[in-house]
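>>> Got a predicted structure plus its sequence, pasted below:
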Amino acid sequence: MFADPKPYITFRNLALAVIALWLLTLILSVWTVLHSGLPPVTVENYRKICPLVRSPLAILANVAFVSVGFWIVRRYRGQYYMACVALYAMCLASILGMFETWILCHLLFDRPS
């Protein structure tokens, strides 16, 4: 009755979707920081989280969890294809989110006013 969604939900399609959403979020966030400014509450939240996301322990933990996730995807993609595609997208989003937070922390606190 319904078509199989598997041909449309692939690693490539989900990777492109994650990257497109990340770029959109990054562009809007950078534009907000540079032009209209963020609300003081948001800036204070970034002030609290920036030292954490820049700490070597947090970076190492994120890389370790993402590496385990990619290993699981590689190991089980034949048996649990849809779950592996979803896990792949989450791991990719985690890496890109870390970079976005670094960029925003740099724009908010490290550049000269």
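Received, thanks.
>>> Make sure S29 is actually in contact with E100.
Yes. Taking CB atoms under 8 Å as the definition, S29 is a contact partner of E100 at 6.8 Å. Quick note: C-beta positions are derived from backbone N, CA and C, even for glycine.
>>> For this structure, which residues score under the pLDDT cut-off?
1-6, 112-113 (pLDDT under 70).
>>> Please, where are all the helices along it?
Assigned by DSSP state H, the chain shows helices spanning 11-31, 40-54, 56-76, 81-105.
>>> out of the ones you listed, nearest to R111?
helix 81-105 (10.4 Å; CB to CB).
>>> Quick one: list the elements packing against the closest one.
helix 11-31, helix 40-54, helix 56-76 (3 or more CB pairs under 8 Å, 6 or more residues apart in numbering; DSSP states H and E).
>>> in the last one, what's buried?
Spelled out, that is helix 56-76. In terms of neighbour count (16 or more other CB atoms under 10 Å), helix 56-76 has its buried residues at 62, 66, 69-70, 72-73.
>>> Format these as a markdown table; extra columns: distance to H35.
Shown next, in a markdown table, are the buried residues of helix 56-76 (distance: CB to CB, whole Å):
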| residue | distance to H35 |
| --- | --- |
| N62 | 30 |
| V66 | 32 |
| G69 | 36 |
| F70 | 37 |
| I72 | 41 |
| V73 | 39 |
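>>> so which of these comes closest to F11?
V73 (8.3 Å).
>>> The closest one contacts A89, correct?
No. Applying CB under 8 Å as the test, V73 and A89 come out as separate, 9.8 Å apart.
>>> what sits up against stretch 76-88?
6, 9-11, 14-15, 69-70, 72-73 (CB atoms under 8 Å, 6 or more residues apart in numbering).
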